[in-house]
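Student: What follows is a predicted structure for the sequence shown.
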Amino acid sequence: MRRFLYFHHMVASQHPSPTNTAGGARRPAALLFDVDGTLAETERDGHRVAFNRAFRAAGLDWEWSESLYGELLRVTGGKERIRYYVRRYRPDFTFPGDPEAFIAALHESKNRYFAERLAGGGISLRPGVRRLLGEARAAGIPLLIVTTTSPENVAALLEHCLDPGARGWFDLIAAGDVVPAKKPAPDIYRYALAHRGLPANECIAFEDSANGLRAARAAGVPTVVTVSRYSRGEDFSGACLVVDHLGEPGQPFTVLAGDAGGACCVDLDLLGRLLARI
């Protein structure tokens, strides 16, 4: 099993106290971010396009339309998505050799095309993401990425959508097959929390899908949902706030569920107030 983990060593005493913000509001012990659909809208015009290019390069007549890809997104993990597609839509397909090796090679090809798409400027961060990351870094709040997407995809997105050294912004990047059970299983969250020694109920997770929300909540992490193109209409029961994006001072979010207390964007003050209600 391929495993992937970036880990920047910090002793537990360096973690900020969740109660040391100005005015006594609770401050998150850490912010945990999903990647695809959360940091950036990567699915429709990123991964889907890259999958189709990889299929053509492999001589396959497979084509994932926007609507079909929306269905396939119910399955987390790119390799898992390919397996599901073959079982559901191509049951008579004969693999040329070992099925797992073929799927792995196809997925690696997709990742290369996805990286090319990112390098060409085809994908950008969602509103408020860079701002919130900067606020958390300035406040000394640890940032973690908790995703089941491939490590190559995480690295490419951070390099091309943030900064070349953005991987160093995160205390922990857990990605790929670091745990066998992917979201909605809580394993990836439990793994990250255990490695950093973090109290689940003092952290905030950011997800865009029902599967991601279920994973975070099953691990005990309060969750803010920023709905993406494909996740609108999903069941986000259990989220402490659901918005269309994180918001900017000149580009306020729209609250879809929960109480933002009149805030126009997700910032550390709002996150502290959300934690205080729990």
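Tutor: On my side now, so go ahead.

Student: and the next element down the chain from the helix or strand bottoming out on mean pLDDT in the chain?
Tutor: Between all helices and strands in the chain, the lowest mean by mean pLDDT, DSSP states H and E belongs to strand 5-7, at a mean of 47. Counting by DSSP states H and E, the next helix or strand C-terminal to strand 5-7 is strand 31-33.

Student: Identify each buried residue in the helix ranked longest in the chain, please.
Tutor: Ranked by number of residues, the top helix in the chain under DSSP state H is helix 99-119. Buried residues in helix 99-119, defined by neighbour count with 16 or more other C-beta atoms under 10 Å: 103, 106, 107, 109, 110, 111, 113, 114, 115, 117, 118. Every C-beta, even on glycine, is put in place using the N, C-alpha and C of the backbone.

Student: now the fifth one: how far from residue 77?
Tutor: With distances defined as C-beta to C-beta, to the nearest Å, the gap from residue 110 to residue 77 amounts to 12 Å.

Student: Chain neighbours aside, what residue packs nearest to residue 84?
Tutor: residue 75 (4.6 Å; C-beta to C-beta, 6 or more residues apart in numbering).

Student: One more: residue 46?
Tutor: Using C-beta to C-beta, 6+ apart, the nearest residue to residue 46 is residue 123, at 5.1 Å.

Student: for that neighbour, what are its contacts?
Tutor: Neighbouring residues of residue 123 by C-beta atoms under 8 Å, 6 or more residues apart in numbering: 40, 41, 42, 45, 46, 117, 157, 160, 161.

Student: pLDDT score assigned to the fourth one?
Tutor: Looking back up the chat, that one is residue 45. Each residue has a pLDDT score; the one for residue 45 is 94.

Student: I'd like the distance between it and residue 120.
Tutor: Residue 45 is 11 Å from residue 120, by C-beta to C-beta.

Student: buried ones in the helix or strand that the longest helix of the chain is followed by?
Tutor: Using DSSP H and E, the helix or strand that follows helix 99-119 in sequence is helix 129-139. By neighbour count on 16+ other C-beta under 10 Å, the buried set for helix 129-139 is 129, 130, 131, 132, 133, 135, 136.
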